[in-house]
Each structure stands twice: as C-alpha cells, then as structure tokens.
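# A predicted structure for the sequence below; I have some questions about it.
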Amino acid sequence: MDKTVDFLQKVDIFSLLEPSEIDSIVDCLNTHEADEGQTLFEQGDEGRQLYIVRSGRVGISIRLPNDSDREIAEFREGDFFGEMSIFENAPRSATGRTKEKSSLLTLYEEDFFRLMEQFPYIAIKIMYRMLASITGRLRNTGEFLSDMVRWGETARKRAITDELTGVYNRRYLDEALKDRFSASQREGRPMSLIMVDLDYFREINEEYGHTMGDQVILGVVEVFKKNLRDTDIMARYGGDEFCVILPRTDLKEALDFAEGIRLQVSELDILSKANGSITRVTMSQGVASYPENAGSLEELKEAADQALYTSKENGRNRASGAPAKTGTQEGQNTKESMTKRTLPSIRQKNQIIRNILDVLATRECFLLLGHENPDEDCISSLIAFALLVVKFHKDARIFLGRNVHEHFQYLLNICRYNSIDLLYPPEPLNGTYDTVVICDTPKPSMLEKSPDIERLLTNPDIVKIEIDHHMGADSEYIGDPDYCLVTEASSASELVGQIALKLQTRDDLLERYQIGDPFSRNLVLAILTGIIGDSKMGQFLKSKREKMYYRIFSSMFNKLLAEKTNKESNFSDKDQVFNEIQRFSNEEGQCFNFFMKRKRLSPSIGYSVLKEADMAVLYGECDNDTIVSVARAIADTLAEESSILSLVVYFDNPAVSDLVQFRMRRSQSFKKYDLRQFLDIFQIENGGGHEGAIGFRIPRKQVGDVEAYVGNFIQRVEEEISNVK
C-alpha cells in the first residue's frame with residue numbers, strides 16, 4: 001500500500017493531492033497485469049475506465065482509411081490515458097496495446113463518481129489535472145494532422161474520408177460547405193443542405209450491438225450513394241449524423257430528393273429478421289436552401305438544423321423543410337424554429353463557449369440584461385458573467401429593473417468593489433456598448449427593457465450573447481445563433497461556471513490578460529448561489545452532469561471557506577452562503593477604503609501605492625483574492641477621477657512571491673494611447689493586458705524604494721503621453 005501511495009504521488013493527475021488525500025483514493029484503483037502485445041481496448045469500444053501505467057509501455061494507435069495503423073502516442077511509467085471515458089462516456093478514439101509486459105492501475109467511471117460523492121474536493125483536484133492533460137494532447141493532435149497534410153494529395157483524400165462508410169468526414173465538410181456556398185453566391189444559383197439523423201440509433205446499438213449498428217449505417221449510406229449526383233457531397237459528422245450538400249438545387253427539389261431517400265431507407269430489411277423490438281430503419285431529415293431560407297452559410301446551417309428538430313418533434317421518419325426567410329405563410333414553422341432546444345452535442349456547446357471567450361477577448365463594453373422581477377439565479381448569473389468580463393479588464397454594466405427585491409442586496413454588494421456598474425431605469429445607459437449579454441431569460445417579452453435597450457438588440461453590429469437553461473414550451477431565442485449557450489443545466493449560473501472551466505484551460509487568454517485563477521471567491525459564490533437557488537440546495541438536480549457541476553462549485557466554495565477560516569467548512573442552507581457573501585463584501589469595503597486613503601494625483605494620473613508596511617497590515621485583515629479584485633476596482637475608480645490614467649501598486653504576500661504588482665487603466669474618455677506600449681518602453685516581460693488596461697509584476701529587488709521607483713515611473717509616463725493628451 002505504501003509503495004502504491006509513493007508511486008501515485010509522482011503521477012501528474014494526482015500531483016495536487018496531499019499524501020493523506022492519496023490514501024483516500026487507493027481503494028478506488030484496480031490492478032491490471034498485461035503481457036506484451038495485449039490489446040487493452042479497440043478503437044470504437046465503449047470506454048469506462050482510465051488507465052495509469054505503473055510499469056511497462058502502452059502504444060496508442062489509430063486505424064487509417066487504408067487499413068494500416070499509425071501510432072500516435074506511447075505511455076510509460078507514471079503516464080495516464082483514457083480520461084474522456086470518465087468525462088463523456090465517449091467511445092475509444094484509438095486502440096491501446098501493451099508494447100511489453102506491463103502493470104496498470106485502472107479507475108472506473110462509477111468509482112470516480114463514488115470518489116466525488118465521498119471526497120468531492122479530491123475529485124476536483126484530479127479533474128483539474130485531467131483537463132490540463134486534455135489541452136496538451138489536443139495540441140499534439142494538431143501536430144499530427146499537420147503531418148498528415150504533408151503526405152500529399154492522396155494522403156489528404158484518406159484523411160478527409162470516414163473510415164467506416166467511405167463518405168467524407170467532418171473536416172472535409174466544413175471546407176466543402178464554404179466552397180459550394182461561395183460558388184452558389186457567385187453564380188446566383190440555389191444550393192440545398194440536408195441534415196440527417198437516424199431514428200432510435202442508440203436503442204438499436206443497445207438492443208442489437210454495435211456491429212448491427214454499423215450495418216445500419218452502411219445500408220443507409222449505400223442508399224444515398226445510389227441516388228447522389230457527381231456534384232453532390234455526403235459527409236458523416238457524427239455517429240449516426242450525416243450532411244448532404246446539393247449544389248444547384250432549390251428547396252422543392254431537395255425535399256423531393258430527401259423524401260425519395262426516406263422511402264428507400266424504410267424498405268431496408270437489415271432489422272426485419274433480427275427478432276427485436278425495432279424492426280425498421282428510419283431517419284429524420286432537415287432541409288434548407290439558399291437563398292430561399294437563408295442569406296448566409298451560418299443561417300443555412302441553422303435553418304437545416306432547426307428543420308431537423310422539427311422532423312424529430314413531429315414523430316421522426318420524415319423530411320421537413322425550413323421556413324421561408326421572409327413572409328408569414330410559414331408562421332407556425334418560424335415559431336417552432338425559434339423555440340429553445342438543448343444543444344445537440346458537446347462539440348457544438350464547446351464551440352459556442354469558445355465563441356463567447358473570443359468575444360470576451362475582443363470586445364470592450366458589455367451590457368448585461370436579465371428578466372423582469374429577477375430571481376437568485378438571474379442576478380447570480382449576471383454577476384458571475386460580469387466578473388468574467390472584468391477579469392479581461394473590460395467594462396461590465398448590469399441593467400436592473402425597478403422590482404429587484406431588497407433581500408438580493410447581498411448579491412449586489414459583490415458588484416460594488418469589483419468594477420461592475422449597476423444601472424436602474426429610468427437612468428440612461430450612457431456609453432458605447434458593443435456586446436449585450438442576456439442571462440436566465442426564457443423569451444424576449446420577459447426581458448427588462450428600455451427604448452435604449454430595444455435599439456441595442458436590433459443593432460446588427462452588436463454581439464448578442466445568451467445564457468439560459470429554459471427549454472421548450474413558449475421559450476424563444478434572443479441572442480445570436482453562434483453565441484447562444486442555451487442548453488439543459490441546473491441553472492444559468494451553472495452555464496457561466498462551464499465557461500469559466502473552459503477559460504481555465506485557455507493558457508493563451510490567461511497569459512494575455514494576466515488572469516491567475518478564473519475562479520475567484522466572488523465568482524464561485526455567485527455561481528453557487530444561482531445553482532442552489534434554482535435547485536433548492538441540489539434537491540432538484542436531474543442529470544449526472546448537473547450533479548457533477550454542483551459538486552464542483554460546492555467543493556470550491558468549501559475550499560475558499562477553509563482557506564479563510566483555517567478549518568473545513570460545509571454549508572447546509574442558503575442563508576449560510578448569503579452570510580458569507582455579506583461578510584466578504586464588508587471585508588472588500590474595508591480593503592477599498594484602505595487603498596483610497598493612500599490615493600494621490602499627478603497631472604495625468606490618479607495613483608495609489610501601498611508599501612510593504614501597508615501590506616503587512618492589509619494581509620492581516622484581508623485575503624489575497626479580496627486584494628486582487630479591489631485593486632482592479634481602485635484602478636477603474638482612479639482612472640475616471642483623473643480623466644486620463646490610473647496606477648495601483650502593491651506588494652505580493654512575501655509567503656507567496658517576491659513580486660510587486662502594478663495595474664494601469666485609462667479612463668473612458670482617454671482613448672488616444674495604447675497602454676501596452678508601456679510594456680515595451682519599460683522592457684517589461686512579466687505583464688500583459690489590452691490597449692485600455694495592463695498589469696505587470698516586477699521583483700522587489702528591482703523596485704527597491706517603491707516611492708522613488710513609482711515617482712520615476714510616473715514621470716516617464718507623463719512625458720510619454722504629453723504629446724497625445
């Protein structure tokens with residue numbers, strides 16, 4: 001047992017655990033001895049466990065379309081693999097075989113979730129390391145694909161073809177859609193898109209097995225191949241999901257084609273003699289055409305996708321056409337296409353989250369909206385997203401209605417010292433917004449609006465992000481299609497938490513915007529408050545995924561309290577959470593006043609400098625998370641007071657680092673200078689930000705006398721901007 005603990009301490013996914021915590025997980029692990037050449041799993045097998053190499057070597061290979069194998073990875077002592085089986089119940093994407101006699105430890109999915117139940121914080125630490133590993137492997141995958149491109153055109157053909165069916169794969173589909181759509185626009189000819197989903201395919205696999213499932217797929221593809229023209233393109237973009245491009249084909253022609261295929265597929269006898277409950281192969285199809293249903297490629301894909309959902313909801317085994325782009329004769333179908341539905345795949349959800357993170361990186365001023373008479377989840381999700389915005393040093397303003405109940409003041413206090421403005425009607429919006437974020441609002445009629453907001457929502461130049469967990473009934477989308485994180489979840493706050501989890505894996509953004517840990521205390525508290533408000537302390541959580549996220553943020557909360565009070569804490573009701581928020585808010589107020597008492601003004605700069613003696617006092621009263629968030633708020637406040645620039649300087653806790661922290665911000669009215677130029681002027685390597693706000697760190701020894709250092713720094717800044725004021 002001791003040897004196992006010693007070994008696990010050296011394994012990357014357990015590197016954040018204390019020895020006592022590793023003791024707790026040893027019982028969850030199983031030992032597997034394997035001879036040389038033994039197959040651990042085949043590509044496409046159901047995945048249920050993670051492997052850790054205790055000794056020996058394991059090769060991971062994929063099967064190429066020419067039936068040859070290519071090794072893409074080798075795992076040795078201390079390495080782990082197969083983690084996606086725990087996260088997503090995903091089939092194996094490659095084959096694993098031992099290259100010599102090996103000893104392996106395995107962690108099964110059910111044991112991992114049992115571990116999460118008993119020791120949630122331990123499980124969270126393991127998940128953090130898993131996510132970091134996945135990010136690194138994705139980079140390696142990119143290098144592998146680049147290798148394949150170098151094989152030449154013949155190899156490229158193999159790389160863009162689906163192995164099972166021989167039709168094109170998703171990689172080629174994306175290229176072909178852009179190419180064929182551009183050609184249709186140039187030629188002024190129609191183009192149709194059909195999205196295909198086999199009915200009850202999961203049930204077929206469960207009842208008859210994957211071999212029969214493959215036969216069904218091959219039978220359906222063969223029907224399509226017999227009917228496709230040379231110019232048509234068919235691609236497989238999921239297990240039982242296909243897409244067909246029909247150039248120079250209008251909606252009526254495409255619907256006739258789809259209906260003919262449907263009838264032929266329904267006559268396949270693959271299942272008729274299988275003696276099971278499903279005896280017939282059927283499929284649902286969604287059909288959309290350019291220019292009849294869409295004016296852009298994204299609109300065309302969205303229209304076909306919505307038409308596919310219409311087919312499914314109307315009983316499956318049918319082909320449905322998308323509604324006309326304009327006009328009211330298809331009013332009922334238009335209403336159906338606007339009804340919110342859960343995102344069909346993890347891939348699509350991840351893409352939307354990536355789109356949202358890109359907006360956080362590229363846009364500057366965010367207006368956040370909720371619904372009338374907002375509840376805990378609505379306000380919590382607004383605040384949680386606003387906290388993400390300010391981590392990117394961008395402006396976040398929340399528009400609140402007249403009917404915000406007074407008992408939500410504990411939540412609104414988070415905004416006060418975190419650079420988040422609160423706007424109340426009939427107060428004018430003031431400012432130039434480039435992004436609107438709508439949280440926890442089922443449909444447009446429920447939005448808290450004003451004439452100014454109506455104009456923003458109809459402005460095509462403004463990105464509309466929507467985050468919501470209300471599905472079906474009379475719900476309707478409000479945001480832009482590529483920015484609607486609208487899917488099943490315990491709450492809108494949980495979805496904001498999922499964005500933050502993805503941000504945690506984006507090293508490029510964390511480095512560029514100098515974000516240490518996305519999960520500040522206030523962010524975790526806001527997310528958790530929304531989840532427990534909507535789920536009644538977790539009682540109404542439905543899926544395993546919802547329960548997992550509830551445990552993640554609950555564990556983060558308990559860790560924060562443990563760090564603050566030096567003892568393990570657990571909440572048992574919402575009042576305890578609210579009391580903690582209020583207590584932390586009071587602490588932030590004291591910290592804010594501490595900084596402001598030391599503010600000074602030069603001709604162009606409002607600045608506050610805290611010496612080492614000041615920080616010794618402040619660290620005795622506040623934790624580091626409070627100081628970081630308040631320093632950002634102070635920089636914003638002083639920038640507006642000076643009307644030009646601000647500078648905030650303070651020392652890190654010497655127990656943590658020997659660095660001095662600098663934050664600079666320019667005012668809303670001063671946009672003539674890109675602050676990132678100062679990083680070059682002062683030759684600062686440890687820093688980053690964007691044109692309106694930067695942060696950087698300098699070693700204490702290099703700073704020396706902080707008053708003199710800051711004085712010289714300010715003098716040079718004044719000289720630099722004197723010609724642009």
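Thanks, I have the structure now.
# partner strands of the helix or strand where I467 lies, parallel or antiparallel?
For I467, the host element (DSSP states H and E) is strand 463-468. Strand 463-468 pairs in its sheet with strand 435-439 (parallel), strand 484-486 (parallel), by DSSP bridges.
# How far off centre is the shortest one?
Computed by C-alpha atoms, centre = their mean, to the nearest Å, the chain-centroid distance of strand 484-486 equals 11 Å.
# quick one: average pLDDT of that strand?
Strand 484-486 shows an average pLDDT of 94 in the prediction.
# quick one: the strands in the stretch 501-650 of the chain?
For the stretch 501-650 of the chain, the strands defined by DSSP state E, counting those that start in this stretch cover 599-601, 605-609, 645-651.
# angle of the longest one against strand 605-609?
When you say that, I think you mean strand 645-651. 10 degrees (axes from the mean of the first three to the mean of the last three C-alpha atoms, to 10 degrees).
# and strand 645-651, what does it pack onto?
strand 605-609, helix 612-621, helix 624-642, strand 659-666, helix 706-721 (3 or more C-beta pairs under 8 Å, 6 or more residues apart in numbering; DSSP states H and E). Heads up, the C-betas are built off the backbone N, CA and C, glycines and all.
# hey, least reliable of the ones you listed by pLDDT?
Of all the helices and strands packed on strand 645-651, the minimum mean pLDDT falls on helix 624-642 (a mean of 86).
# buried residues in that one?
By neighbour count on 16 or more other C-beta atoms under 10 Å, the buried set for helix 624-642 is 625-640, 642.
# could you dump stretch 696-713 to CSV, C-alpha only?
The C-alpha trace of stretch 696-713 is given here as CSV (Å, rounded to 0.1, in the frame of the first residue of the first chain):
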residue,chain,number,x,y,z
PHE,A,696,2.6,43.6,-14.7
ARG,A,697,4.9,42.4,-12.0
ILE,A,698,8.4,43.4,-11.0
PRO,A,699,10.8,41.7,-8.5
ARG,A,700,11.1,43.6,-5.1
LYS,A,701,14.9,43.8,-5.5
GLN,A,702,14.5,45.6,-8.8
VAL,A,703,11.9,48.0,-7.4
GLY,A,704,13.9,48.9,-4.3
ASP,A,705,12.4,52.1,-2.7
VAL,A,706,8.9,51.8,-4.1
GLU,A,707,8.1,55.5,-3.6
ALA,A,708,11.2,56.5,-5.7
TYR,A,709,10.5,53.8,-8.3
VAL,A,710,6.9,54.9,-8.8
GLY,A,711,7.9,58.5,-8.9
ASN,A,712,10.3,57.9,-11.7
PHE,A,713,7.8,55.6,-13.5
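# Which residues does it contact?
Contact with stretch 696-713 is made by 514, 607, 609, 611-612, 647, 649, 651-652, 657-662, 679, 682, 684, 686-688, as judged by C-beta atoms under 8 Å, 6 or more residues apart in numbering.
# can you list the domains in the protein?
Here the domain parsing of the chain from automatic domain parsing is 2-145, 160-338, 346-565, 597-721.
# How far off centre is the third one?
In this case it means domain 346-565. That offset, for domain 346-565, works out to 12 Å (C-alpha atoms, centre = their mean).
# ok, now the last one?
Put simply, domain 597-721 sits 31 Å off its chain's centre (C-alpha atoms, centre = their mean).
# Quick check: end-to-end length of that domain?
Terminal residues of domain 597-721 lie 27 Å apart, using C-alpha to C-alpha, to the nearest Å.
# ok, so what distance separates F682 from N712?
From F682 across to N712, the span is 10 Å (C-beta to C-beta, to the nearest Å).
# ugh, typo on my part, it should be I453
47 Å.
# Give me the more crowded residue out of those two.
Remark: of I453 and N712, I453 carries more neighbours, 18 against 10, as counted by other C-beta atoms under 10 Å.
# Contacts for the one helix or strand that one maps to, please.
Using DSSP H and E, I453 maps to helix 451-457. Residues outside helix 451-457 that contact it (C-beta under 8 Å, 6+ apart): 367, 369, 399, 428-429, 433, 436, 444, 447, 449, 462, 464, 478.
# got a markdown table for the residues you listed, with distance to E163 too?
What follows is these, written out as a markdown table (distance: C-beta to C-beta, whole Å):
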| residue | distance to E163 |
| --- | --- |
| L367 | 48 |
| L369 | 47 |
| F399 | 51 |
| P428 | 60 |
| L429 | 54 |
| Y433 | 48 |
| V436 | 44 |
| P444 | 45 |
| L447 | 47 |
| K449 | 51 |
| I462 | 44 |
| K464 | 40 |
| I478 | 41 |
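# Just the ones in helices from these, please.
Members of the contacts of helix 451-457 lying in helices (criterion: DSSP state H): none.
# could the residues you listed go into JSON lines alongside neighbour count and pLDDT?
Putting the contacts of helix 451-457 into JSON lines (neighbours: other C-beta atoms under 10 Å; pLDDT from 0 to 100) gives the following:
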{"residue": "L367", "neighbour count": "23", "pLDDT": "95"}
{"residue": "L369", "neighbour count": "27", "pLDDT": "95"}
{"residue": "F399", "neighbour count": "23", "pLDDT": "92"}
{"residue": "P428", "neighbour count": "9", "pLDDT": "76"}
{"residue": "L429", "neighbour count": "17", "pLDDT": "81"}
{"residue": "Y433", "neighbour count": "20", "pLDDT": "92"}
{"residue": "V436", "neighbour count": "23", "pLDDT": "96"}
{"residue": "P444", "neighbour count": "13", "pLDDT": "90"}
{"residue": "L447", "neighbour count": "20", "pLDDT": "89"}
{"residue": "K449", "neighbour count": "17", "pLDDT": "79"}
{"residue": "I462", "neighbour count": "16", "pLDDT": "92"}
{"residue": "K464", "neighbour count": "21", "pLDDT": "95"}
{"residue": "I478", "neighbour count": "24", "pLDDT": "92"}
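# Out of the residues you listed, the closest to E267 would be?
E267 lies nearest to I478 out of the contacts of helix 451-457, by C-beta to C-beta, at 43.5 Å.
# residues of stretch 244-261 that come out buried?
Using 16+ other C-beta under 10 Å as the test for burial, stretch 244-261 gives 244-251, 254-255, 257-258, 261.
# Out of these, give me the two with the largest separation.
The widest separation within the buried residues of stretch 244-261 (C-beta to C-beta) is 18.2 Å, between R248 and I261.
# how long is stretch 45-61 end to end?
Stretch 45-61 has an end-to-end distance of 14 Å (C-alpha to C-alpha).
# From what I see, N314 and G286 are in contact.
No - the pair N314 / G286 is not scored as a contact, 11.3 Å apart, by C-beta atoms under 8 Å.
# When the two are compared, which one has more neighbours?
The neighbour comparison of N314 against G286 (other C-beta under 10 Å) goes to G286, with 26 against 12.
# where do the strands sit along the stretch 151-300 of the chain?
Applying DSSP E, counting those that start in this stretch to the stretch 151-300 of the chain gives strands spanning 168-169, 191-198, 233-236, 241-247, 283-290.
# Nice, that's everything, thank you.
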